[in-house]
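In: Fold the following for me, if possible:
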Amino acid sequence: SLIHLSWVPRTRNHHDGARPLVMEPLDLRRRALPAGHPDIADALYELGWIAYGAVQERLYRQAPEILTPIPAAADRGMTMLQGLATNLRRQGRLPEAVAPARDALAVAEGSYGPEHHTTGSAMIHLGDHVNDIEEDAAAAERLYRRGLELLTRHYGEGSIRLLHGMNSLVGLLGSRGDTEAEGIARRALAISQTATGPEHPRG
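Out: Now for the predicted structure:
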């Protein structure tokens with residue numbers, strides 16, 4: 001409950017107000033639970049949300065180390081590895097950022113299989129790093145298309161969960177002048193407008 005309460009100041013960017021609301025449950029869990037309990041990892045990750053740079057990196061590294069050996073916690077472990085990849089990228093440590101994104105995909109494939117929509121989400125997240133950091137457009141395109149295929153199969157063609165991958169693919173195709181980009185962009189716009197209405201600023 002304290003962690004849930006911390007989301008209120010966090011969404012307002014009042015991180016100083018959110019921090020003690022996470023520190024207290026982290027301390028409670030460390031005293032009451034065994035060291036490898038997934039609830040401790042969750043609290044570390046929540047604390048990482050309101051941290052920056054090296055502090056956030058340390059928290060994001062601790063959490064997946066706890067969760068990775070626990071099959072039932074694979075989804076949370078994958079999310080935390082993706083958070084670590086984003087953290088390293090923001091620190092400017094670009095070559096290091098790709099590895100945890102690949103690890104997240106490996107966790108998804110190992111836990112859910114190659115045809116699962118969670119694996120598709122991990123592919124799209126990795127595709128962003130492969131495209132932007134490794135500048136391997138061909139590999140990124142394969143990840144985007146396969147990820148979108150898996151998400152579409154599960155959520156349907158009109159789901160807003162497709163927007164991230166669609167917009168990433170549009171950017172990749174548009175950068176090389178591929179005319180397919182416009183069609184995908186129009187589909188993404190239609191999905192967004194259906195979800196939010198034509199007057200919404202994010203449409």
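
In: so who does the closest residue to M23 other than its chain neighbours touch?
Out: Spatial nearest neighbour of M23, chain neighbours left out: L47 (7.0 Å); criterion: Cβ to Cβ, 6 or more residues apart in numbering. C-beta coordinates here come from the backbone N, C-alpha and C atoms, glycine included. Going by Cβ atoms under 8 Å, 6 or more residues apart in numbering, L47 touches R19, V22, M23, L26, L59.

In: mind listing what the first one touches?
Out: Think R19. R19 touches S6, L47, I50, counting by Cβ under 8 Å, 6+ apart.

In: How about the last one: what's its closest non-neighbour residue?
Out: Leaving aside its chain neighbours, I50 sits nearest to H15 (4.2 Å; criterion: Cβ to Cβ, 6+ apart).

In: For that neighbour, the count of nearby residues, please.
Out: 15 (other Cβ atoms under 10 Å).

In: Check A104 too.
Out: 28.

In: Now do the contacts for it.
Out: Taking Cβ under 8 Å, 6+ apart as the test, what A104 contacts is M78, T79, L81, Q82, A85, A122, H125, L126.

In: okay, the second one: pLDDT?
Out: In this case it means T79. Predicted confidence (pLDDT) for T79: 86.

In: before we move on, what about the fourth one?
Out: If you check Q82, the pLDDT there is 92.

In: any idea which helix or strand carries it?
Out: helix 74-90 (DSSP states H and E).

In: Report the angle between the following helix or strand past that helix and helix 74-90.
Out: On the C-terminal side of helix 74-90, the nearest following helix or strand under DSSP H and E is helix 94-112. Counting by axes from the mean of the first three to the mean of the last three Cα atoms, to 10 degrees, helix 94-112 lies at 170 degrees to helix 74-90.

In: Mind listing what's buried along helix 94-112?
Out: For helix 94-112, the neighbour count (16 or more other Cβ atoms under 10 Å) marks 96-98, 100-101, 103-109, 111-112 as buried.
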